[in-house]
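Engineer: Whatever this is, show me its structure:
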Amino acid sequence: ALARRHGGTAVEFGHWHGDWVPWNLGRHAGRLVAWDWEHSGPDVPVGFDLAHDAFQRSLVLRGEPAAVAAAAADGHLERHGERLGLGPAQRRLVVDAYLVEMWLRTWRLADAGAGWNAALHPALLDVIEKRHSD
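Structural biologist: Numbering: from 1, shown residues only. Have a look, this model is predicted:
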């Protein structure tokens, strides 16, 4: 579904922190410090950290459902994505791909014995399916 929807959209790939959220960030000696790099990795669309920040603030800090968190990611990319060189089609691709990555992360954690995150499964699958049918 991602390929059908976004196959003609080019995006830049880069490295992401993987869990860029307020509780993994701080300041020391006037510099930004980030920790909890276990989800960090290469070869993701630029903008994943931006999407993750908005999605997690909505889901975790405000306790909003996955559909609202996905809309928050859309809004955050709409407001800030241009600074990363992301046009409208690229912003949509980044959020769509990020949501798939989040569900895969949820699956990997469940498969490793952590159990399913009820805020993300199956709700995130429903969000992804709806976004690809729009």
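Engineer: switch to C-alpha atoms for all contacts and neighbour counts from now on
Structural biologist: Noted.
Engineer: and the longest helix along the chain, average pLDDT?
Structural biologist: In terms of residue count, the longest helix belonging to the chain (DSSP state H) is helix 88-109. Averaging pLDDT along helix 88-109 gives 97.
Engineer: Which neighbouring elements make contact with it?
Structural biologist: When contacts are defined as 3 or more CA pairs under 8 Å, 6 or more residues apart in numbering; DSSP states H and E, helix 88-109 packs onto helix 2-6, helix 48-56, helix 66-80, helix 123-133.
Engineer: Most tightly packed of those?
Structural biologist: Among those, helix 48-56 has the highest mean neighbour count (mean count of other CA atoms under 10 Å), at a mean of 24.
Engineer: Which strands and helices lie in contact with that helix?
Structural biologist: Applying 3+ CA pairs under 8 Å, 6+ apart, we find helix 48-56 packed against helix 66-80, helix 88-109.
Engineer: Could you report the separation of residue 46 from residue 129?
Structural biologist: According to CA to CA, to the nearest Å, residue 46 stands 23 Å off from residue 129.
Engineer: Can you say which of the helices and strands packed on helix 88-109 is nearest to residue 107?
Structural biologist: With CA to CA, the closest approach to residue 107 among the helices and strands packed on helix 88-109 belongs to helix 123-133: 11.1 Å.
Engineer: quick check, distance from the closest one to the centre of its chain.
Structural biologist: On the basis of CA atoms, centre = their mean, to the nearest Å, helix 123-133 sits 14 Å off its chain's mean C-alpha point.
Engineer: quick one: average confidence on it?
Structural biologist: Rounded mean pLDDT across helix 123-133 is 94.
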